[in-house]
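Novice: Predicted model, plus sequence, below.
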Amino acid sequence: MWGYPEPVARMIEQFMKLPGIGPKTAARLAFHVMGMEERDVAEFAKALQDIKTQLTECVICCNITETSPCSICSDPRRDKLVICVVQEPKDVMAMERTHEYHGLYHVLHGAISPMEGIGPQEIRVKELVTRIGQEDVDEVILATNPNVEGEATAMYISRLLRPFNLKITRIAHGLPVGGDLEYADEVTLAKALEGRRSL
């Protein structure tokens with residue numbers, strides 16, 4: 001980074017490795033860190049290290065956790081007969097915020113994307129199939145993202161799980177609450193029609 005002292009330039013380069021952070025935002029963040037108290041900078045640095053050294057994957061659901069099995073898989077109150085398959089650990093938190101789902105999870109850590117060279121072997125599909133074969137499961141809910149990669153992943157998993165003779169469902173997609181029909185794109189409207197239900 002031209003004109004910046006070397007430590008600032010390195011900090012800017014590191015911030016630019018984060019998604020959605022360009023040179024201007026990275027420089028602003030670097031200068032903000034420079035203005036922080038030394039104690040706060042040390043805590044910030046420790047938090048960055050801890051996220052890599054103190055987390056592991058749950059041996060059952062592949063979610064990120066401090067202890068394995070994770071707190072959800074270890075909770076006797078959870079419905080062990082239902083598994084919700086999500087793409088990323090952050091999706092577990094999104095589902096938990098609804099307070100409507102009380103089953104278990106399986107985290108894929110990605111989605112099938114041939115364009116990016118990501119096939120089924122790069123995500124945790126094999127672990128899911130092994131788990132279904134070993135556990136007593138009635139339903140698998142496919143909650144992958146409503147995009148091309150998420151749909152392809154859901155279709156692939158549903159085909160793999162058909163021989164297990166269990167209920168395979170896909171979360172509904174459609175209009176957001178408070179949204180207007182006139183602003184919705186054709187794909188969203190089509191999904192909303194597909195997912196319609198009786199009243």
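Specialist: Alright, I've got the coordinates. This is a predicted model, so every value here is computed, not measured.

Novice: Which segments of the protein make up each domain?
Specialist: 6-53, 77-169 (automatic domain parsing).

Novice: Distance to Val177 and mean pLDDT added to the ones you listed, as TSV?
Specialist: To be clear about C-beta, it is placed using only N, CA and C from the backbone, and glycine gets the same treatment. Output for the domains of the chain, formatted as TSV (distance: least, Cβ to Cβ, whole Å; pLDDT from 0 to 100):
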stretch	distance to Val177	mean pLDDT
domain 6-53	26	94
domain 77-169	12	94
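
Novice: can you tell me which of those domains comes nearest to Thr65?
Specialist: Thr65 lies closest to domain 77-169 among these, at 8.9 Å (Cβ to Cβ).

Novice: what's the closest of the domains of the chain to Val59?
Specialist: domain 77-169 (9.3 Å).

Novice: Determine which stretch of the domains of the chain is the most buried.
Specialist: Most buried of the domains of the chain by mean neighbour count (mean count of other Cβ atoms under 10 Å) is domain 77-169; its value is a mean of 16.

Novice: what about that domain, start to end distance?
Specialist: 22 Å (Cα to Cα, to the nearest Å).

Novice: For the protein, which segments count as helices?
Specialist: All helices of the chain, identified by DSSP state H, fall at 6-15, 23-35, 38-53, 71-74, 89-97, 125-134, 148-161, 186-194.

Novice: Nearest to Cys61, out of the domains of the chain?
Specialist: domain 77-169 (4.9 Å).

Novice: Please save the CA atoms from the strand ranked longest in the chain in PDB.
Specialist: In the chain, taking DSSP state E as the definition, the longest strand is strand 79-86. This file holds the C-alpha atoms of strand 79-86, laid out as PDB (Å, rounded to 0.1, in the frame of the first residue of the first chain):
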ATOM      1  CA  ASP A  79     -36.500 -34.100  18.500                       C
ATOM      2  CA  LYS A  80     -34.000 -36.700  17.300                       C
ATOM      3  CA  LEU A  81     -36.300 -37.900  14.500                       C
ATOM      4  CA  VAL A  82     -35.900 -34.700  12.400                       C
ATOM      5  CA  ILE A  83     -32.800 -33.400  10.800                       C
ATOM      6  CA  CYS A  84     -32.600 -30.000   9.200                       C
ATOM      7  CA  VAL A  85     -29.800 -29.800   6.600                       C
ATOM      8  CA  VAL A  86     -28.300 -26.300   6.200                       C
END
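
Novice: Strand partners (parallel or antiparallel) of that strand?
Specialist: Strand 79-86 has its sheet partners listed here by DSSP bridges as strand 103-107 (parallel), strand 139-142 (parallel).

Novice: which residues sit in contact with the residue nearest the centre of the chain?
Specialist: For the chain, the residue nearest the mean C-alpha position is Glu88 (1.8 Å; Cα atoms, centre = their mean). Listed by Cβ atoms under 8 Å, 6 or more residues apart in numbering, the contact set of Glu88 reads Val107, Leu108, His109, Gly110.
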